[in-house]
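>>> got a sequence here, can you model it:
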Amino acid sequence: MDTNRLLPLLSEMAIFVNVVELGSFSKTAVKLGVSPSSISRSIARLEDALEIKLLNRSTRQMKLSTDGDEVFRMCSKMLDNAKEAVSAAQARSSEYSGSLKVAAPKALSKQVLTPIILVFMKKYPNIQLQLIIAEEYIDPIHEEIDVVIHITSSPVEGLVATTLGSRNNVLCASPDYIERYGSPQSPTDIQNHNCICLTEKLSDRIWHFSKGSCSESIQVDGSFAVNHSEIRREAVLEGMGISIFPDFSVQEYIDTGAIVPILGEWHVGASKQQFVVAQYLQSKFVPKQLKVFVSFLKERMESFQ
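Next up is the predicted model:
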């Protein structure tokens, strides 16, 4: 196939890769901002040009044909090479510009990352940054995310991982609650208190504590449970009970005395230390805007430790 016939098919090949990776015409259409019928026509044009069947479709499922599987692997490699070419150009650029897609969980984004990102964007006005809020980990390959920021004790293997800072849990209550009901002196004392829990799974009502070689797991109970940290924090501020929070979500309230830490000598939560980690794809050419962004986050977050 000569170049004149090949060039119009490059975009169809990229669409084909997206359809296979997302497993859906409609999801691909949403991602690319076009109609599902447009995606269908692109695949049909590619099949006509290559004179092979790429996808076997029914009303319930879609599978690659034998020929389609081989074409997909080649088209996927082509798309990876195109991304590498863009990254190489951006890495060699003398200016900080270009786009960044960043994914991070809500609480961390709102209470820690957003103030830093706003300062970053003022300093680097030629960088276009898109922040995507996602509570679950997002695969940077399939979702085309430049950098994923998440809280973990085990970074995802195969990706570059930069530790931005550590995260600890804090058990706390309001001064009013402590005045009325007293402060627990040991983890077992917590069983006598109104505990504000998560509601996502049964294990959320088992709180873990460790100090040196000593560890305890306490079954807790309470009159109010909610799977939203800000609502739980409001309940604690109202003196309803005690709860566990990431340190970054309550630090300003601890600083003002509105919330008081409890059992500070005990480590609360999972036995493994958790960290705020930025992860992105390995590449010989990391775009300059990505490198400066991660470096900026690391510098600012370390200053808060």
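>>> all contacts plus neighbour counts: C-alpha atoms, from now on.
Noted.
>>> and stretch 130-137, what's its mean pLDDT?
Throughout stretch 130-137, pLDDT has a mean value of 87.
>>> in it, what's buried?
Buried residues in stretch 130-137, counted by 16 or more other CA atoms under 10 Å: L131, I132, I133.
>>> in strands, which of those residues appear?
L131, I132, I133 (DSSP state E).
>>> list just the nearest of those residues to Q191.
I133 (35.0 Å; CA to CA).
>>> residues touching the closest one, list them.
I133 makes contact with A103, A104, P105, K106, S109, according to CA atoms under 8 Å, 6 or more residues apart in numbering.
>>> so for the residues you listed, which is the shakiest by pLDDT?
Least confident by pLDDT among the contacts of I133: that is K106, with 86.
>>> now that residue, nearest residue through space, not along the chain?
I133 (5.5 Å; CA to CA, 6 or more residues apart in numbering).
>>> tell me the bridge partners for the one you found.
A104 (DSSP bridges).
>>> what does I151 give?
I151 has these beta-bridge partners by DSSP bridges: V276.
>>> heads up, I number from 49, so please use that
All set: I'll call the first residue 49, so the last point we hit is now I199.
>>> F323 is in contact with that one, correct?
Yes - using CA atoms under 8 Å, I199 makes contact with F323 at a distance of 5.5 Å.
>>> now do the shared contacts for the two.
With CA under 8 Å, 6+ apart as the test, I199 and F323 both reach R215.
>>> OK, contacts around V150?
L177, Q178, L179, I180, I193, D194, V195, V196, I197.
>>> the same query, at a cut-off of 7 Å, please.
V150 is in contact with Q178, L179, I180, I193, D194, V195, V196, counting by CA atoms under 7 Å, 6 or more residues apart in numbering.
>>> beyond the one helix or strand it maps to, next helix or strand please.
Per DSSP states H and E: V150 is located in strand 146-152. Scanning forward in sequence from strand 146-152 by DSSP H and E, the next helix or strand is helix 154-156.
>>> what's that following helix in contact with?
With CA under 7 Å, 6+ apart, helix 154-156 has contacts from I181, A182, E183.
>>> quick check: the second one touching A151?
So that's A182. Yes - applying CA atoms under 7 Å, one finds A182 in contact with A151, separated by 6.4 Å.
>>> give the contact list for the most centrally placed residue in the chain.
By CA atoms, centre = their mean, the chain has its centre lying nearest to A152, at 3.6 Å. Counting by CA under 7 Å, 6+ apart, A152 touches I180, I181, A182, V196, I197, H198.
>>> follow-up on the earlier one: return the strand holding V150 as PDB; C-alpha atoms alone will do.
Included here for strand 146-152 are C-alpha records, laid out as PDB according to Å, rounded to 0.1, in the frame of the first residue of the first chain:
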ATOM      1  CA  GLY A 146       2.400  20.900  26.600                       C
ATOM      2  CA  SER A 147      -0.400  19.000  28.300                       C
ATOM      3  CA  LEU A 148      -0.600  16.800  31.400                       C
ATOM      4  CA  LYS A 149      -3.400  14.500  32.600                       C
ATOM      5  CA  VAL A 150      -3.200  13.800  36.300                       C
ATOM      6  CA  ALA A 151      -5.300  11.300  38.200                       C
ATOM      7  CA  ALA A 152      -5.700  11.400  42.000                       C
END
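>>> for this structure, name the helix or strand with the lowest mean pLDDT.
helix 114-140 (a mean of 76; mean pLDDT, DSSP states H and E).
>>> quick one: that one to chain centroid distance?
24 Å (CA atoms, centre = their mean, to the nearest Å).
>>> now the angle from that helix to strand 146-152?
110 degrees (axes from the mean of the first three to the mean of the last three CA atoms, to 10 degrees).
>>> element containing A97, please.
With DSSP H and E as the test, A97 turns up in helix 84-98.
>>> tell me the domain ranges of the protein?
Following automatic domain parsing, the chain resolves into domains at 51-139, 217-316.
>>> nearest to L338, out of these?
That would be domain 51-139 among those, by CA to CA, at 9.1 Å.
>>> re earlier: any chance of the contacts of A152 in CSV, plus distance to L103?
As requested, the contacts of A152 are exported to CSV (distance: CA to CA, whole Å):
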residue, distance to L103
I180, 31
I181, 33
A182, 31
V196, 32
I197, 35
H198, 36
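>>> just the closest of the residues you listed to A130, please.
V196 (21.3 Å).
>>> what's the burial count for E143?
E143 has 13 neighbouring residues, counting by other CA atoms under 10 Å.
>>> same check, this time on I189
12.
>>> just checking, it is part of a strand?
No - secondary structure assignment (DSSP: H, G, I helix; E, B strand; the rest coil) places I189 in coil, not in a strand.
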